[in-house]
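Asks: Coordinates for the following, if possible.
(chains A and B)
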Amino acid sequence: MLNKKKLLRYFLFLVLGVFIFYYITPLYVMIVTSLKDMNEIREGNLFSLPNSINFESWKIAWSGRGEGTSDTFLKPYFFNSLKITIPALTLSTILGALNGYALTKWKFKGANLIFLLFLFGTFIPFQAILLPMARTLGFLGISNSPLGLILVHTVYGLGFTTLFFRNYYVSISDEIIKAAKVDGAGFFKIFFTILLPVSLPILVVTIIFQFTQIWNDFLFGVTFSFGENAPLQVALNNMVLTSASVKYYNVDMAAAIMAALPTLIIYVLAGNYFIKGLTAGSVKG
Amino acid sequence: MATLKIHNLEKKFKTVEVLKGINLDIVEGDFLVLLGPSGCGKSTLLNTIAGLEESNEGEIFIDDKLVNNIDPSERDIAFVFQSYALYPAMSVKENIIFGLKQRKIPREKIDQSLKDISELLKIKDLLDRKPAQLSGGQRQRVAMGRALVRDPKIFLFDEPLSNLDAKLRIEMRREIKKLHKKLKTTMVYVTHDQTEAMSLGTKIAIMNNGIIEQFDTPSNIYNKPDTVFVADFVGSPSMNFINGIIKKNNEEISFFPNNHEKNNEINLRNTNIKINSEKNVLFGIRPEHIFLKKEHAVRVVKDDNFFKIEVKPELHEYIGHEQIITFNYCDQEILGKFSSTIDIDLDRKMTLFIDLNNVSIFDQDTKKRI
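Replies: Residues are numbered from 1 along each chain as shown, chains lettered A, B, ... in the order given. Below is the predicted model of the structure:
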């Protein structure tokens, strides 16, 4: 019996090992390639370590070669993305929290129907809202601007953030809210002094989720913006695709890593909370 | 300190009627207990008094002031919840003074009230802790403190002891009783525990299915239940109900149990029941009002108002300080409760004495006391 158990355990580790290898290999190739120069890439092996650590391609990916107008590099687009992500993230999180709070603690007629509609909103595929949204942005006069993308991401994210907060607040006792009402606190007072201080786990979940969504978005970015207003992921695509004659694999890899880095950093910093927040039903008030 | 009047209160959740015409009237210093099985509407009634639920019909007066359309925070009430409902992110101190701060009460006064309350409830050492760092009993105290510090006209309690273990519950029950004795504030208390209700209340309202079955003093609830429901709900084990009829014969009224044999009838001497000829009834007698010997009756009996019945013991339950015996009386089960110091021979028929002063007769159709 014991041997069988041990055998199963080894098998488990083997499977896990295969998966780790499978997931880590591309990252490894990206990193080593980004540190090689072009000669080494052409002559060498895909998996071999670089002869010398060389950050030249990172520099080029970030701020360009200084070769005039046709040169695409990430720096300005990185800040474009920040300009879109931070307001959209903040807005959708705050509104989602307020929605979740109102839907659970200030139940009104039709609250369940409205929640259902929010839930339905999370199932709408990206492509389905492209045309109506393009019309809306045009009508508002904010197409091809950070403002337009902020609106798109806020609206599209609202379904998810509302769902997160609603499910979290449902587990918090209604009696706490009643007690605060008897104590004389109003809608916002209760939200800010009583609910928000215990919302950290779900806040972190929402922030990670929304940051990843907005930062990594390509479709909305490529549809609703172009040229110098494009977000980072669109710029990355342009950069990789428009290199006319020679493919600079090292620069492409460095740029791809840079584009992914903020999400990675957020996961590393807050990942622990992410796990906790996902199982938030068990959190005791 | 205040009076509370409730007039014809009705409440519906969609199509379900939860409260069907509630009338209550308590005076200053009363301790009203709302007692009933779960789902009877007692918590809804309490929430409606607090203003946390809106009523569909009827009026609520606190100190003769109509409060139907007044916000909970303006009603001058304090509420103690079943789950304690402490604010999780605040310390004990912040929890207690939150309501005072909302009311913009001057700092010195808040500090003074906080000091008084924490001394009264012995929670001085807990003031800087968070609710999560408190035990159940301590949370209970803090919840009480949060209510007390406001010095409201009426205290409302929603099953405040039901989350505590049995020993602590009895302790806290006594503390609430002492508190009421000291403060003499009007209190309304919801519970499904009859012992709690009996020990705390100066008035008890027994609720069932959205109506009040009886609103009376604890002793009247126990000794003179208005309805079969009240008689059955209060007391453990509950009252025996013997099916039968009462008949009038030469100005004397007698009870004939179903399946009765000769001489089985119970002559209800000194009764003030008035009937024309006969009626189907339930004969109610509590297990503790049945005796093996007349001398066992604690009450000093002047009029010797006992009736002898012949029964066969069927089941014996020993529960420490007392024993409960199930008898067969005219093919109906009745329970007797005796001190466990008495030896009882279960193998033969025996004679029991029913204390006729403590008999309740109910109409079988209306389920009401005659």
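
Asks: Run through the chain and note the low-pLDDT ranges.
Replies: Using chain A here. The model of chain A has pLDDT under 70 over residues A:1-2, A:66-70, A:242-245, A:274-285.

Asks: Switch to chain B, please.
Replies: Checking chain B against pLDDT under 70 turns up B:1, B:262-263, B:270, B:296-304.

Asks: May I have the secondary structure class of residue B:344?
Replies: Here residue B:344 is recorded as coil under DSSP: H, G, I helix; E, B strand; the rest coil.

Asks: how about the nearest residue to it once chain neighbours are set aside, what does it touch?
Replies: What sits nearest to residue B:344 in space, not counting adjacent residues and going by Cβ to Cβ, 6 or more residues apart in numbering or on different chains, is residue B:325, at 6.5 Å. (Each C-beta comes from the backbone N, C-alpha and C, glycine too.) By Cβ atoms under 8 Å, 6 or more residues apart in numbering or on different chains, residue B:325 lies in contact with B:313, B:315-317, B:335-336, B:338, B:344, B:346.

Asks: how is the chain carved up into domains?
Replies: Just so you know, I chose chain A. Per automatic domain parsing, the structural domains of chain A span A:2-54, A:75-282.

Asks: actually it's chain B I care about, not the one you picked
Replies: Split by automatic domain parsing, chain B gives B:4-227, B:240-363.

Asks: what's the residue nearest to residue B:44 when sequence neighbours are not counted in contact with, if anything?
Replies: Spatial nearest neighbour of residue B:44, excluding adjacent residues (Cβ to Cβ, 6+ apart): residue B:18 at 4.9 Å. Residue B:18 is in contact with B:11-12, B:41, B:44, B:210, counting by Cβ under 8 Å, 6+ apart.

Asks: rerun that using 6 Å as the cut-off
Replies: Taking Cβ atoms under 6 Å, 6 or more residues apart in numbering or on different chains, we find residue B:18 in contact with B:11, B:41, B:44, B:210.

Asks: Where does it sit: helix, strand or coil?
Replies: strand.

Asks: ok, now how distant is it from residue A:240?
Replies: 66 Å (Cβ to Cβ, to the nearest Å).

Asks: which stretch of helix or strand covers the residue of the stretch 1-150 of chain A found nearest chain B?
Replies: Minimum separation of the stretch 1-150 of chain A from chain B (Cβ to the nearest Cβ) falls at residue A:109, amounting to 10.7 Å. Using DSSP states H and E, residue A:109 falls within no helix or strand.

Asks: What of the one 4 residues further on?
Replies: With elements taken from DSSP H and E, the one containing residue A:113 is helix A:111-121.

Asks: if you go through chain A in chain order, where are the strands?
Replies: Counting by DSSP state E, one finds no strands in chain A.

Asks: Show me which residues of it are close to chain B?
Replies: A:173, A:175-176, A:178-179, A:181-185, A:194, A:197-198, A:285 (Cβ under 6 Å from any Cβ of the partner chain).

Asks: Give me the buried subset of these.
Replies: A:173, A:175-176, A:178-179, A:181-185, A:194, A:198, A:285 (16 or more other Cβ atoms under 10 Å in any protein chain shown).

Asks: Mind putting those residues into a markdown table with distance to residue B:149?
Replies: Formatted as a markdown table, those follow (distance: Cβ to Cβ, whole Å):
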| residue | distance to residue B:149 |
| --- | --- |
| A:173 | 21 |
| A:175 | 18 |
| A:176 | 17 |
| A:178 | 18 |
| A:179 | 13 |
| A:181 | 17 |
| A:182 | 13 |
| A:183 | 10 |
| A:184 | 13 |
| A:185 | 15 |
| A:194 | 18 |
| A:198 | 23 |
| A:285 | 22 |
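
Asks: Pick out the residue in the stretch 101-250 of chain B sitting closest to chain A.
Replies: residue B:102 (3.7 Å).

Asks: Write out the residues of chain B neighbouring chain A.
Replies: Near chain A, when you scan chain B using Cβ under 6 Å from any Cβ, you find B:52, B:72-73, B:79, B:81, B:83, B:85, B:87-89, B:98-99, B:102-103.

Asks: give me every residue that touches residue 21.
Replies: Let's take chain A. By Cβ under 6 Å, 6+ apart, residue A:21 lies in contact with nothing.

Asks: looking at chain B here, not the other one
Replies: Residue B:21 neighbours (Cβ under 6 Å, 6+ apart): B:8, B:10.

Asks: Same question for the one 3 residues further on.
Replies: For residue B:24, the residues meeting the contact criterion (Cβ under 6 Å, 6+ apart) are residue B:6.

Asks: Assumed it was part of a strand.
Replies: Yes: counting by three-state DSSP, residue B:24 is part of a strand.

Asks: Does it have any beta-bridge partners, and if so which?
Replies: On the basis of DSSP bridges, residue B:24 is bridged to residue B:6.

Asks: ranges for the helices of the stretch 201-350 of chain B?
Replies: B:218-223, B:228-233 (DSSP state H, counting those that start in this stretch).

Asks: Of those helices, flag the one that's most buried.
Replies: Counting by mean count of other Cβ atoms under 10 Å in any protein chain shown, helix B:228-233 has the highest mean neighbour count of the helices of the stretch 201-350 of chain B, with a mean of 22.

Asks: Give me the distance from that helix to the chain's centre.
Replies: When distances are taken as Cα atoms, centre = their mean, to the nearest Å, helix B:228-233 is centred 11 Å away from the chain's centroid.

Asks: do the same with stretch A:182-193
Replies: The answer for stretch A:182-193 is 32 Å, by Cα atoms, centre = their mean.

Asks: longest single helix anywhere in chain A?
Replies: helix A:2-35 (DSSP state H).

Asks: show me the contacts for residue B:245.
Replies: Residue B:245 neighbours (Cβ under 6 Å, 6+ apart): B:256, B:278, B:280.

Asks: Chain neighbours aside, what residue packs nearest to residue 227?
Replies: No chain specified, so I'll use chain A. Distances taken as Cβ to Cβ, 6+ apart place residue A:144 nearest to residue A:227, at 7.7 Å, with adjacent residues excluded.

Asks: nope, chain B please
Replies: residue B:213 is the one closest to residue B:227 (Cβ to Cβ, 6+ apart), at 5.0 Å.

Asks: what does residue B:354 give?
Replies: residue B:307 (4.8 Å).

Asks: how far away is the one you found from residue B:345?
Replies: Counting by Cβ to Cβ - residue B:307 and residue B:345 are separated by 22 Å.

Asks: what sits against residue A:156?
Replies: Here residue A:156 is in contact with no residue (Cβ under 6 Å, 6+ apart).

Asks: Against chain B, how distant is it?
Replies: 31 Å (Cβ to the nearest Cβ, to the nearest Å).

Asks: same thing with residue A:240?
Replies: 48 Å.

Asks: Stretch B:100-108: which residues count as buried?
Replies: For stretch B:100-108, burial by neighbour count (16+ other Cβ under 10 Å) applies to B:100, B:102.

Asks: and what of stretch B:212-219?
Replies: Result for stretch B:212-219 [16+ other Cβ under 10 Å]: buried residues B:212-216, B:218.

Asks: how far away is residue B:228 from residue B:208?
Replies: Applying Cβ to Cβ to residue B:228 and residue B:208 gives a distance of 10 Å.

Asks: With residue B:176 instead?
Replies: For residue B:176, the distance to residue B:208 - Cβ to Cβ - is 25 Å.

Asks: And the two? Which one has more around it.
Replies: The residue with more neighbours, out of residue B:176 and residue B:208, is residue B:176; 22 against 19, by other Cβ atoms under 10 Å in any protein chain shown.

Asks: what's the helix or strand for the more buried one?
Replies: Element membership for residue B:176 (DSSP H and E) is helix B:166-183.

Asks: For residue 233, which non-adjacent residue is closest in space?
Replies: No chain in the question, so chain A it is. Looking at residue A:233 with Cβ to Cβ, 6+ apart, the closest residue is residue A:218, at 4.6 Å.

Asks: meant chain B actually
Replies: residue B:206 (6.3 Å).
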